[in-house]
Every structure is written in C-alpha cells, then in structure tokens.
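>>> predicted structure and sequence below. I'll ask about it afterward.
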Amino acid sequence: MNTPQGLKYASTDEWLKVEGNIATLGVTDYAQDQLSDIVFFEVTVEVGDEIKKGTIVATIESVKAAADVALPASGKVIEVNEALANSPELINSDPFGGAWMLKVELTDPSEVESLMDAAAYASYCETRGH
Amino acid sequence: MTEPTIYELSSPGRVGVRFPESDVPRYDPPADLLRSDLPFPELAEIDVIRHFTHLSAKNYSIDKGFYPLGSCTMKYNPKINEVTAGLPGFAFSHPLQPVETVQGNLYLMYQLQEFLKEISGFDAVSLQPAAGAQGEFTGVKIINAYHKSRGDEKRTRVIIPDSAHGTNPATTSMIGLEVVHLPSDKRGNVDLAALKEICDDTIAGLMLTNPNTLGLFDENVCEVIEIVHAAGGLVYGDGANLNALLGITRPGDLGFDVMHFNLHKTFSTPHGGGGPGSGPVAVTAALADFLPAPIVGIVEEASDDVPPLYGFLDPPQSIGRVKTFFGQFGMLVRAYTYIRMHGPDGLRKVSEYAVLNANYLLSKVKGKYTLPYDRICMHEFVVEGVWPDLPDVHALDIAKRLMDYDFHPPTNYFPLIVHEALMIEPTETENKQTLDAFADALLKIADEARNEPELLKNAPHNTPVSRLDEVKAAKELVLCCWLPEKE
C-alpha cells in the first residue's frame, strides 16, 4: 500500500496536500483498494462554496459500495477536477496524482495540524487489518 | 450455453398469430405518429414459448435451491398463499367497488392490521406502503410530522447506526432530514457513549435495525431507546429482521415508536423481481393520527345478528397517501394466509428455527471463516470472505464459486463495517441436509482458496454465463439489446 510522505491524512481516508493556504483533496490508496473497481465519481460542491470541516464534498461508487468523501479541513473551493467524473478509474490507478478531486483555500490552516502524517496513517491502516 | 436474444431468433415474415379479416373499417393512424424503427421480433408461438422456457430454466429461485441471501429472508413461499390470493373474491375485486360489496376483503385487511399489532406490540397499523423502503419513508415522515405538529421545528437530524440497513440513510435524505452516523461498539451493539454525545434537541429520531445487519440483537436496546427518548427523539424500528423475533419479543414493548414490516420477508410473500413487496407500518397510539390514509376500520358496529361494517378511515393528521388505493392487496392476502396457517405458536417456531438454523450454519463454518463479532447470532450472521494469508482471494470469489455448487451466493460486501463481508441467512424453511450441504460447500471452497485459488478467481464455471464484467455493467448502461439509431 502506498502512503506518500508530505501529505496529511484523515481517519476517513482522505488525503490533503497543503501548499501555503491551498489544500488539494483526494482519497488514499487504502481507500481505493477497499472500494475495489470504481465506476462513478461526482463532486457535490461548486467552485466558490465555503465548506465546513467534515462536510461531504464528493461521492464515489465502486462495484461493491458507495462512499462519501469529506473535506477534513474548512475552506473555500477554488478548483474542481472536472475530468475525474469521466474517468473515475483514475482513483484506482493514480489516487495521489491524477485523481485529485478539488482544491480549497483553507479558512484556518491550523486545522490541518490535527490530521495524521504518512507514518501515523500507515499504522492506523494496519490496525484496521488486511 | 447462452440463449440467443429474441431478436436473434427473429425471422422476417414469421408470425405467431394470424388475425382474421377485420370486420370494421380500416383506419390509418396519422403518419407523424408512426415510426418504422421499432424492430419487433418475428417468431412463431413455439419459438417464443421455447425461448422463455429456456430462460426460466436458467433462472435461480427459492423453488429451485437454497437462497441464503442475508438480510433478505428468502424463505420458501408456501403454495397455499397462491391458492388464497387466487380466490375469485380476492383476485377479481376492484379497489373502487363500494365497500359493502367487498366486506370480505376489508375484513381480511382489518384482521391483518390486528395480527400485525399483536405481533409487534403497537397500537395502529397502515397496510399501505408498497415495500420496505416505502415503509421506512412512511415511518420517518410520521416522526417528522409528529415533531412539526408540536411546533418542534428544530429536529432535523436522524441518527443511523453503521450496522443499519442501507436504505435507512436514503430514507432520511428523501425526507429532507440530515443523517448522523453512529458507530458500533466492539460487540456490534450501538456505541452508547457516542449516542449520548450526539443526542440533543435537534434529533428527530434514531433508526434502529434490531437484530442489526450483523445478525446481532442489540444487548442495550432498551437503553438506546431511553437515551433517544430522553432527548425528545423517537425511535424507528427497521422491521426487515423481524423474522428473528416473532412471538419472542415485540418492538412495541421494547419502546420503539414506529416500525415497518416486510411482508415479503417475514410473512412469506414473494420477494425480489417477482414481488411486489409490501411494507405495512405500525405505530404507538401517540402517532396513530399520522398514519397514511386510509386505513381499514369498523364504520358501523355489529349488532346482535348483523356483522360490523368495515370501511376506510382517514387518520386526522395523516401524512397523506403513500400509494394508490390500499397497498398491495394480493400480498396482504398471502401474509394473512401465512399468519393463519402458522398461528401464534407456529410463528414463534418460525423464529426459533430461523435462529437455530443460522447458529447451526455459523457453528459449522466458523473454524474456517473469520467471525468479526463472535457472538450467538440471531437469524443471520456475517463472516469475512477473506483470509489474511490469501490476499488475492475475495468475498466475491467465494460468492461466485458457491454458484458452481448450485447455491445462490449470500449477500456480499454488506454490511460495510465488516471487511469482505459474506452475510448468510438460511431462514427456517431449510432442513438439516440442505444446511449441511451448504456448509460443506463453504468449507470446501475455503480449502480450494488455499490449494486451487484459480477455481475461485475464475468462478463460476457451471453457470450459463461465466464471471460478468461488473465494471463494464456499471459504466456502460445499455440495458436493451437494441438502440434506436440517432438521427
């Protein structure tokens, strides 16, 4: 399982890449592996929306299950990866790259500090087994 | 061998029926209403009969084999249900007939309402909802209407444990309320500490599936209900798992405020594509005024030599209709028949055997399959369809391989809180030989996973079609074999 350094991880399996006060959101390799083949992806917010921490911002459907994607830190949506809806399989093949979902301008960058780093997230996944 | 589609069997000019010469003047419809691009298949009667007979022979049903689809209660549907539902007085009555001419039908509905009240421990029942999910919708709408009727407008959130049925969050969203997720504890019960933290005056209620989707009876169910009630919320009981409780405990007595029944699960009416479903709703006296209208009641009391007159009553604060007419009447006849055929003691036996069968199967397979919550189960149980040292074998492979042994696969990948879940519900209608054969197949598959994993990865092998491409099926939504040409 791939858990890149330098990203912040939520217990609900999202990652945030923080550059200054801009954060990019996606879901982890662990999440895509659990979901198996992803067949549908939809962002449920729009550019300009002010999003509170923990709000559902996207939906993923695999052949097994549907899952929500939450934004683990509050912010204003500044960009949405429109292409991902047409090729949701990217979430399986490139969860940390091409499958970025949206970018937000963080309201309070300190919120990110409570998220896990790569090592903490990797051991968190271990505790969940398999 | 795959059966060709009916279009592939078609041959130009072939016909099944020859019409006589018309004895009325011919009328040609306006040309702009005609279209020439509909490719009706052209076949003789015998070709059509054989085609659909071939297809029906490939179908898998409860009449053909074991169907342990967890959460769905795929019990045998006794054929006497079809006899009673086919009686002309039931089958040929019309919902708009004057009530005086259908007193037998109304008596049956009234009695079924009474039976369901007795079985569930509630005070009032509506038979109208057309299926379980609509029963849920009705129940939560009643909860919402109750709070609004008291001017309590701020209750907009519904708590749903992660062991609930998947339809519960959908129901809540459909009504415009907000879903609050609640985790389970290590024994598979509702996490009481988390529940206490969530409960406040914005909670409309909690939707509890009990036994839950792990097949476990919540050991703290009364406390769960008390906590929600103390916060001013109401508790909805998802009755989909009632098959474990008949004659043993009653949701109304436990403190639930509203629940639905799945007649197509617990009460042996057809389930699945054949359906239709039927999802009556029961409520406490405090909620009776909100039930969907109309419900069946006595409109003129009996006198010495005259029976009562049954008719329809509109609850004063009804949430309105949720279905045309009076629900799935044919299913009500079947459920009534089932209840009468068993009687109170027989219904209790139904649940006792459903629980016994599930525990028997569980005890046979638990050495080879991981049991995430190691407790005595109710009418169903969940195992992990994966082994730590065999990361390439998945629950789906086990499910597909079971088809090679002539069994319908169990529910898989649900509930979501169990990794690679296989959810197994044998029901009370299976005998020991069938349960043994199914357990043997599961044990054999566990060995195959270790010794010949390709048997699982490529399964099924003995079915009309092999492993289907689920990704393609989900992404390319072409449901018919023919598409009109784009202009």
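Cool, got the structure.

>>> need the contact list for the most centrally placed residue in chain A.
The structure's chain A has its C-alpha centroid closest to A:G26; by Cα atoms, centre = their mean the separation is 2.6 Å. Counting by Cβ atoms under 8 Å, 6 or more residues apart in numbering or on different chains, A:G26 touches A:E14, A:W15, A:K17, A:I91, A:P95, A:F96, A:A99, A:W100, A:M101. (C-beta placed from N, C-alpha, C; glycine too.)

>>> from the residues you listed, pick the one nearest chain B.
Proximity to chain B was ranked across the contacts of A:G26 by Cβ to the nearest Cβ; first place goes to A:I91, at 12.6 Å.

>>> and that closest one, what are its phi and psi?
Main-chain torsions, A:I91, degrees, to the nearest 10: phi -60, psi -30.

>>> out of everything not next to it in sequence, what's closest to it?
Once flanking residues are discounted, A:I91 sits nearest to A:A99: 4.3 Å by Cβ to Cβ, 6 or more residues apart in numbering or on different chains.

>>> before we move on, what SS does that neighbour have?
Of the three states, A:A99 takes coil under DSSP: H, G, I helix; E, B strand; the rest coil.

>>> what's the burial count for it?
The number of residues packed around A:A99, counting by other Cβ atoms under 10 Å in any protein chain shown, is 23.

>>> which pair in the contacts of A:G26 spans the largest distance?
Using Cβ to Cβ, those span at most 15.5 Å, a distance reached by A:K17 and A:I91.

>>> higher neighbour count, these two?
Comparing A:K17 with A:I91 by other Cβ under 10 Å, the one with more neighbours is A:I91, at 25 against 16.

>>> the more buried one: what's it in contact with?
A:G26, A:V27, A:Q32, A:L35, A:I38, A:F41, A:I60, A:L84, A:A99.

>>> and it, what pLDDT?
A:I91 carries a pLDDT value of 96.

>>> got the residues of chain B near chain A?
Contact residues (Cβ under 8 Å from any Cβ of the partner chain) of chain B with chain A: B:386, B:388, B:391, B:394, B:396, B:413-414, B:416, B:419-420, B:470-471, B:474-475.

>>> next, format those as JSON lines and append neighbour count, secondary structure and pLDDT.
Below are the residues of chain B next to chain A laid out as JSON lines (neighbours: other Cβ atoms under 10 Å in any protein chain shown; DSSP: H, G, I helix; E, B strand; the rest coil; pLDDT from 0 to 100):
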{"residue": "B:V386", "neighbour count": "23", "secondary structure": "coil", "pLDDT": "93"}
{"residue": "B:P388", "neighbour count": "9", "secondary structure": "coil", "pLDDT": "90"}
{"residue": "B:P391", "neighbour count": "9", "secondary structure": "coil", "pLDDT": "88"}
{"residue": "B:H394", "neighbour count": "20", "secondary structure": "coil", "pLDDT": "94"}
{"residue": "B:L396", "neighbour count": "23", "secondary structure": "helix", "pLDDT": "94"}
{"residue": "B:Y413", "neighbour count": "22", "secondary structure": "coil", "pLDDT": "91"}
{"residue": "B:F414", "neighbour count": "19", "secondary structure": "coil", "pLDDT": "89"}
{"residue": "B:L416", "neighbour count": "16", "secondary structure": "coil", "pLDDT": "86"}
{"residue": "B:H419", "neighbour count": "16", "secondary structure": "coil", "pLDDT": "88"}
{"residue": "B:E420", "neighbour count": "22", "secondary structure": "coil", "pLDDT": "92"}
{"residue": "B:E470", "neighbour count": "15", "secondary structure": "helix", "pLDDT": "86"}
{"residue": "B:V471", "neighbour count": "16", "secondary structure": "helix", "pLDDT": "87"}
{"residue": "B:A474", "neighbour count": "15", "secondary structure": "helix", "pLDDT": "84"}
{"residue": "B:K475", "neighbour count": "15", "secondary structure": "helix", "pLDDT": "82"}
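
>>> thinking again about what came up before, and the residue nearest to A:I91, how far is that from A:N2?
Counting by Cβ to Cβ, to the nearest Å, the gap from A:A99 to A:N2 is 12 Å.

>>> where does chain A come near chain B, residue by residue?
So far as Cβ under 8 Å from any Cβ goes, chain A lies against chain B at A:S36, A:D37, A:V39, A:F40, A:E61, A:V63, A:K64, A:A65, A:E89, A:G129, A:H130.
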